[in-house]
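Student: generate a structure from the sequence data that follows.
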Amino acid sequence: MIYTEKTKRALRLCFEAHKNQTDKSDLPYVFHPFHLAEQMTDEATTITALLHDVAEDTHYTFEDLAAMDFGDDVMTALRLLTHDDDTPYMDYILRLRDNPIARAVKLADLAHNSDSSRLDYVDDRSRAREEKYRQAMALLNEPFIP
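Tutor: Okay, here's the model as predicted:
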């Protein structure tokens with residue numbers, strides 16, 4: 001984990017935002033963004049990893065996050081990482097792949113979410129989700145050519 005003034009603020013916010021949430025196995029959800037942040041290599045990706053689900057899954061808005069001064073690069077990546085249900089999933093993946101911050105965080109997110117050992121049981125729905133994530137990782141790993 002990279003510890004700077006901003007990453008520590010993001011850690012506190014991440015914990016506050018997710019502290020009462022659980023994942024599919026009833027584990028504290030906050031372990032997920034912490035796990036992603038541990039894999040990041042700089043301040044911007046660490047903050048983005050910590051906050052990647054805050055606007056989507058909590059009462060905090062993008063305006064709230066922008067007011068906390070995490071930086072324009074982080075805000076751009078967070079907006080790209082937030083999937084709008086009206087956008088087909090693979091279009092969403094293609095939209096974010098040319099942003100290096102969003103791409104790094106999404107690859108870690110997909111890898112962690114594809115780890116079936118985190119689940120208490122694996123059913124057809126879980127296997128289908130893993131396949132979708134495998135396809136998304138393949139798209140993200142293709143070289144981007146503008």
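
Student: ok, T58 - contacts?
Tutor: A17, H18, Q21 (Cβ atoms under 8 Å, 6 or more residues apart in numbering). Using the backbone N, CA and C atoms, a C-beta is placed for each residue, glycine as well.

Student: pipe these into CSV and attach distance to V74 per row.
Tutor: As requested, those are exported to CSV (distance: Cβ to Cβ, whole Å):
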residue, distance to V74
A17, 15
H18, 17
Q21, 21
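
Student: buried ones among those?
Tutor: A17, H18 (16 or more other Cβ atoms under 10 Å).

Student: format the contacts of T58 as CSV; extra columns: pLDDT, secondary structure and distance to D53.
Tutor: Shown next, in CSV, are those (pLDDT from 0 to 100; DSSP: H, G, I helix; E, B strand; the rest coil; distance: Cβ to Cβ, whole Å):
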residue, pLDDT, secondary structure, distance to D53
A17, 97, helix, 8
H18, 97, helix, 7
Q21, 96, coil, 9
